[in-house]
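Colleague: Generate coordinates for the sequence data below:
(chains A and B)
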There are 2 protein chains.
Amino acid sequence: MIPAELQAGVLAGTGAVQRRAMAKAITLLESTRADHRAQGDALLTALLPHTGQSFRLGISGVPGVGKSTFIEALGLYLIGLGHRVAVLTIDPSSTVSGGSILGDKTRMEHLSVHEKAYIRPSPSSGTLGGVAEKTREAMLVCEAAGYDIVMVETVGVGQSETAVANMTDMFCLLQLPNAGDDLQAIKKGVMELADLVVINKADIDPDAATRARAQITSSLRLLGLHGHPEHAHHDDQIWHPQVIQISALHNQGVDSFWAEVSRFRTVQTANGRLAARRQHQAGAWMWERIDAGLKQRFREHPQIRARLDDTTRRVLAGELPASTAARQLLELFD
Amino acid sequence: MIPAELQAGVLAGTGAVQRRAMAKAITLLESTRADHRAQGDALLTALLPHTGQSFRLGISGVPGVGKSTFIEALGLYLIGLGHRVAVLTIDPSSTVSGGSILGDKTRMEHLSVHEKAYIRPSPSSGTLGGVAEKTREAMLVCEAAGYDIVMVETVGVGQSETAVANMTDMFCLLQLPNAGDDLQAIKKGVMELADLVVINKADIDPDAATRARAQITSSLRLLGLHGHPEHAHHDDQIWHPQVIQISALHNQGVDSFWAEVSRFRTVQTANGRLAARRQHQAGAWMWERIDAGLKQRFREHPQIRARLDDTTRRVLAGELPASTAARQLLELFD
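Modeller: Take a look at the predicted model:
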């Protein structure tokens, strides 16, 4: 299909026709071939006016926390409310293994076959920056196709949480009711990203879940992220990260999770932060791609390629100051 | 002075002659003029074989933790042991105020006038990356001049702690015995950088200091940074971050602080990690400067300058996909 057909299929198609156009559009955008990239840019620019109407929900959590079960339960609940739901994945390990461990549609067996759901696994090659770019672009395709809830999930390892938080309106962190989990999240800087912390599997040990909730709330307060109770009357203007308990397996708490998300969306829309966050993300995304492009060009420059190994060796051996080496290499780059 | 005179003054001078040559060398290296930069690179390359013999100690802590008092007490103690001590500072606020709030030599009144000490305030202009580069280069000058202990201090705000940890052999974090201080440090990713956590002002509230020590030790353990007691027999091969209490004001614990530093140095030298850390730092420093140089050139490119504002506006307004904008701008950059 040429981009014009893809565009029409994404925007005006229905059912299987639209689904096929979406898949082909995303595949085109994932291609690294220069001619594909030019077509992809044209397609993306044409789709852009039809994007931005969805709510973008980031979901993270370590393996075993129950992300698939949660996303399936939430997706089916949202479809029941009349929404169309897209689920995208950023899996850093897929770039190593060449295939997404999270991409298997069988892990969400009911959602994946639902006509109102669209599930796309993680791009399986490239740097994290490249994978994140493809996922952002896939998100725009889903929005142009009329999916009004886009979830982007990632595993709680590596830097992918930051990538997901930087492309979504709201970042939710799934936690197990384990002591120490919150410290790990704080250490990795993920707690700071969280707009909502969800303690899953709360049914297994309700006491532990209650303790975990109190501890995380107290940590958020010490970190200055959570409002003090006496400031609760500000809550209609400023969002403070919340901590809730659910049990996705038993479908308990999915409705109260969605109530929190809806409250977040209302507050952040009214105070202007949702729009500001999207603007900031767009600007940061542009610079992230510029930086990556500059570095790639630098590494591929013939004179740099010829000198880089030897210069690096001399820097590591203490024969050449690192700053001098950088200036010498930059002089070769013209 | 021409670089050859500066070189001779730094390497072979004594007393005031050497001190003057060091000051002029560092000022030359801080200059952004292209001819100065070329002279500076030549000087630095000539000095490099005479560097690397010192121990590089990073010291961080929030304002009020007592860094000046601690560094003065430590510096005088080390001079008493026969060392020569250089103190450099990275103060992110100095680039805003145009002068270093930490640079005032009166804050270390005994150390600053000692003939075996050399104190240089933070460079007062440029980005944090630029300031860090100048400080790294000043460190090399001090080493070439025979200072065998170089301390690099910074305030516990902003990203400067990472910069200091990335240029030193050992990173020490000064903490007050306050609840929540450790969570702040964990949140900012500073706890992860710390090879040694020092609870200062332990005399004011010994119980609080003891509680803080236990809490930080437990946090380090939960973060996987601190060895379990039963693994203590591994301590001669692998360093685990330690937590100690001192009172710099009353000169209590400076000797045990230094004993920990010496033990760290022995362990890290024996297991090869000190050398590996310096190699890694040199390579990362080179790439950090390359990235900064590429970005600067990009921003200064005439065609980019002409288009950047309008392109950015269109990206923020949602008229142009960020990734497409990045590719369009990169095409102009040749």
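Colleague: So A:Ala25, which state does it fall into?
Modeller: Secondary structure for A:Ala25, judged by DSSP: H, G, I helix; E, B strand; the rest coil, is helix.
Colleague: separation between A:Val85 and A:Gly58?
Modeller: A:Val85 sits 14 Å away from A:Gly58, taking C-beta to C-beta, to the nearest Å as the criterion. (C-beta placed from N, C-alpha, C; glycine too.)
Colleague: let me fix that: A:Val141
Modeller: A:Val141 sits 18 Å away from A:Gly58, taking C-beta to C-beta as the criterion.
Colleague: what about those two, which has more around it?
Modeller: For A:Val141 versus A:Gly58, neighbours defined as other C-beta atoms under 10 Å in any protein chain shown are more numerous around A:Val141 (29 against 26).
Colleague: Run through the residues that contact the more buried one.
Modeller: For A:Val141, the contact set (C-beta atoms under 8 Å, 6 or more residues apart in numbering or on different chains) comprises A:10, A:22, A:25-26, A:29, A:47.
Colleague: Save these as a markdown table, and put in neighbour count too.
Modeller: Putting the contacts of A:Val141 into a markdown table (neighbours: other C-beta atoms under 10 Å in any protein chain shown) gives the following:
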| residue | neighbour count |
| --- | --- |
| A:Val10 | 28 |
| A:Met22 | 23 |
| A:Ala25 | 29 |
| A:Ile26 | 24 |
| A:Leu29 | 25 |
| A:Leu47 | 22 |
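Colleague: A:Ala86 contacts A:Gly146, doesn't it?
Modeller: No. In this structure, A:Ala86 is not within contact of A:Gly146 by C-beta atoms under 8 Å, at 9.8 Å.
Colleague: What about A:Ile119, how many residues nearby?
Modeller: 22.
Colleague: out of everything not next to it in sequence, what's closest to A:Ile119?
Modeller: Closest residue to A:Ile119 apart from its sequence neighbours, by C-beta to C-beta, 6 or more residues apart in numbering or on different chains: A:Val87 at 4.7 Å.
Colleague: Comparing A:Ala86 and A:Gly146, which residue is more hemmed in?
Modeller: Taking A:Ala86 and A:Gly146 together and counting by other C-beta under 10 Å, A:Ala86 has the greater number of neighbours (26 against 15).
Colleague: Could you measure from A:Arg136 over to B:His240?
Modeller: Shown here: A:Arg136 relative to B:His240, a distance of 41 Å by C-beta to C-beta.
Colleague: Who has more neighbours out of those two?
Modeller: Neighbours per residue (other C-beta under 10 Å) separate A:Arg136 from B:His240, with A:Arg136 holding more: 26 against 17.
Colleague: so what's that one up against?
Modeller: For A:Arg136, the set of contacting residues under the criterion of C-beta under 8 Å, 6+ apart consists of A:167, A:285, B:322-323.
Colleague: name the element the closest residue to A:Val190 other than its chain neighbours belongs to?
Modeller: Residue nearest to A:Val190 in three dimensions, not counting chain neighbours: A:Glu161, with 4.9 Å by C-beta to C-beta, 6+ apart. Counting by DSSP states H and E, the secondary-structure element that holds A:Glu161 is helix A:160-165.
Colleague: And that helix, how far out from the chain middle?
Modeller: What separates the centre of helix A:160-165 from the centre of its chain is 5 Å, taken as C-alpha atoms, centre = their mean, to the nearest Å.
Colleague: Also stretch A:283-294?
Modeller: Taking C-alpha atoms, centre = their mean, the mean C-alpha location of stretch A:283-294 is offset from the chain mean by 17 Å.
Colleague: swap in stretch A:24-44?
Modeller: Distance of stretch A:24-44 from the chain centroid (C-alpha atoms, centre = their mean) equals 21 Å.
Colleague: Equivalent analysis for stretch A:35-51, please.
Modeller: Here stretch A:35-51 is found 21 Å from its chain centre; the criterion is C-alpha atoms, centre = their mean.
Colleague: buried ones in that stretch?
Modeller: Buried residues in stretch A:35-51, defined by neighbour count with 16 or more other C-beta atoms under 10 Å in any protein chain shown: A:37, A:39-41, A:43-44, A:46-48, A:50-51.
Colleague: mind listing which of the residues you listed are in helices?
Modeller: Among the buried residues of stretch A:35-51, the members falling in helices are A:37, A:39-41, A:43-44, A:46-47 (criterion: DSSP state H).
Colleague: Quick check: A:Val157 touching A:Val62?
Modeller: Yes. Between A:Val157 and A:Val62 there is a contact under C-beta under 8 Å: 7.1 Å.
Colleague: These two: who's more crowded?
Modeller: A:Val62 (18 against 14).
Colleague: Now stretch A:218-230: average pLDDT?
Modeller: Averaged across stretch A:218-230, pLDDT comes to 67.
Colleague: Kindly apply the preceding question to stretch A:278-298 instead.
Modeller: Average pLDDT, stretch A:278-298: 94.
Colleague: in it, what counts as buried?
Modeller: By neighbour count with 16+ other C-beta under 10 Å, stretch A:278-298 contains the buried residues A:278, A:281-282, A:285-295, A:298.
Colleague: Beyond the helix or strand hosting A:Cys142, next helix or strand please.
Modeller: In this structure, A:Cys142 sits in helix A:128-144 according to DSSP H and E. Beyond helix A:128-144 on the C-terminal side, the first helix or strand identified by DSSP H and E is strand A:149-155.
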